[in-house]
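**Student:** coordinates only, sequence not included:
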């Protein structure tokens, strides 16, 4: 099996986190993106769940490159908003993942506007991540992670991306964007899912079945 693993994303912040998260697995895979392989990557995410969309992306990346591929779908779920923005987190207020209608900063402000005046006890939220690993033989496995917190009153911090500046981690009394990258990766939704993915990838590297 090839020692290259395709990371199915065009999001530079997400790619950076995956390279940091998987670097500690000791897997020996070279992580590459479809763009680095000269492959256009813009799958139509028609799923209604994080797992479905993660699978769509991983399978598309594997089929396009002929290599094993890993992709995730993740987002912010806010209880007061009935779970929104959920699977639409990256394209809240319209648009799509490659051409979102709003910037990260504008989506953050939109959420803050929707949450204006909501008391702290009703600001519970979580980041949810599902990772899918697909292989050229058609095998697919998924794993997930959940990061509990609440929505803050204003953006804070310079790290991370997306909604990190308004996602408060209660036990740290800091936003996800104020955490050092290593600290965030140790407790985040993507970090939890990546730990499970490492076990699957380790089995692949050792020649174990993938499905």
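**Tutor:** Structure's in. What do you need? Since the model is a prediction, treat every value here as computed from it, not as a measurement.
**Student:** With adjacent residues omitted, what lies nearest to residue 79?
**Tutor:** Spatial nearest neighbour of residue 79, excluding adjacent residues (Cβ to Cβ, 6 or more residues apart in numbering): residue 124 at 4.6 Å. For every residue, glycine as well, the C-beta is placed using N, CA and C.
**Student:** That neighbour and residue 77 touch, don't they?
**Tutor:** No. Residue 124 is beyond contact range of residue 77, at 9.3 Å (criterion: Cβ atoms under 8 Å).
**Student:** what about the two, which has more around it?
**Tutor:** Using other Cβ atoms under 10 Å, the more surrounded residue of residue 124 and residue 77 is residue 77, with 19 against 15.
**Student:** Look at that one and give its secondary structure.
**Tutor:** Following DSSP: H, G, I helix; E, B strand; the rest coil, the label given to residue 77 is strand.
**Student:** So what does the residue nearest to residue 79 have for phi and psi?
**Tutor:** Residue 124 adopts backbone torsions of phi -60, psi 140, taken as degrees, to the nearest 10.
**Student:** any idea how far it is from residue 34?
**Tutor:** 36 Å (Cβ to Cβ, to the nearest Å).
**Student:** contacting residues around the residue nearest to residue 79?
**Tutor:** By Cβ atoms under 8 Å, 6 or more residues apart in numbering, the residues touching residue 124 are 78, 79, 80, 148, 149, 150.
**Student:** can you rerun that using 10 Å?
**Tutor:** 77, 78, 79, 80, 148, 149, 150, 151, 170 (Cβ atoms under 10 Å, 6 or more residues apart in numbering).
**Student:** I'd like the distance between it and residue 150.
**Tutor:** As for residue 124, its distance to residue 150 is 5 Å (criterion: Cβ to Cβ).
**Student:** Give me the neighbour count for residue 19.
**Tutor:** Residue 19 - counted by other Cβ under 10 Å - has 11 other residues nearby.
**Student:** no no, residue 198
**Tutor:** Based on other Cβ under 10 Å, the number of other residues close to residue 198 is 17.
**Student:** Flag every buried residue along the least confident helix or strand in the chain by mean pLDDT.
**Tutor:** Lowest on mean pLDDT, DSSP states H and E among the helices and strands of the chain sits helix 12-23, with a mean of 82. For helix 12-23, burial by neighbour count (16 or more other Cβ atoms under 10 Å) applies to 14, 15, 17, 18, 20, 21, 22.
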